[in-house]
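Novice: here's my sequence, what's the structure:
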Amino acid sequence: TLYAAVYGTGVMKSLDGGSTWALANTGLANKRVMSIRSDPSDGTAQTLLVATEGGGVFRTVDGAANWAASNTGLQCGFVRNLRFVPAGGAFYSGAGYTAAANHVYAATQCELNSGVYRSVDGGVNWALLSTGMPAGTAVNNFQINSAGNNPAGQFIRATTLGAGVYQSNDGGSSWNPING
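Specialist: Got it, this is the predicted structure:
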């Protein structure tokens, strides 16, 4: 099964390797889809999240047959991108944060409450992670490097609008500029 995020159309789904496509938007109130991600902790590949422009995050647990808004704690509805912690990846932090494969990050861009949000329950609930970033920093995208069990190689890098690049070595709990 293949899925495609199509801005203005929503989600398309193919059951034949991409030869044919059908809309998969039931319950998806916002069709301005920026990205789509599959939850790596779901062995059936039925749990998906989409980032939307203005509608926040939508989640399905039935392979895109039905979508529902999943924005508890998300204070910014313009979600540019989503990233799950890679399957098998885990962050270690001296502060005690350990990520699992169903932990997901959202890059947001709003007038207020922008930044990186993290969900530790597969995208159901969200918390803003902004310690070390200027207040309201809009985040375009990010990279997650889980580096297995090597804490020295684990990081998240976030690209921002006008504030440069920030890096977190503790799963997003704190951020430092790395603009060079």
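
Novice: CA only for contacts and neighbour counts going forward, please
Specialist: OK.

Novice: for this protein, give me the ranges with low pLDDT.
Specialist: 86-101, 146-153, 180 (pLDDT under 70).

Novice: ok, the residue of it most remote from its centre to residue 2 distance?
Specialist: What lies farthest from the middle of the chain is residue 19; by CA atoms, centre = their mean that is 28.1 Å. Using CA to CA, to the nearest Å, residue 19 is found at 10 Å from residue 2.

Novice: do the same with residue 82
Specialist: Distance from residue 82 to residue 2, by CA to CA: 18 Å.

Novice: what about residue 22, neighbour count?
Specialist: The number of residues packed near residue 22 is 11, by other CA atoms under 10 Å.

Novice: if we can go back for a sec, are we agreed that the residue farthest from the centre of the chain is in a helix?
Specialist: No - judged by DSSP: H, G, I helix; E, B strand; the rest coil, residue 19 forms no part of a helix; its state is coil.

Novice: how close does it sit to residue 104?
Specialist: Taken as CA to CA, the span from residue 19 to residue 104 is 30 Å.

Novice: swap in residue 45?
Specialist: Distance from residue 45 to residue 104, by CA to CA: 15 Å.

Novice: more neighbours: these two, which one.
Specialist: Between residue 45 and residue 104, counted using other CA under 10 Å, residue 104 has the larger neighbour count: 24 against 14.

Novice: quick one: end-to-end length of stretch 57-64, please.
Specialist: 14 Å.

Novice: and the contacts of it?
Specialist: 11, 13, 24-26, 28, 45-52, 66-71, 77, 79, 123 (CA atoms under 8 Å, 6 or more residues apart in numbering).

Novice: which of the residues you listed count as buried?
Specialist: 11, 13, 24-25, 28, 46-52, 67, 69-71, 77, 79, 123 (16 or more other CA atoms under 10 Å).
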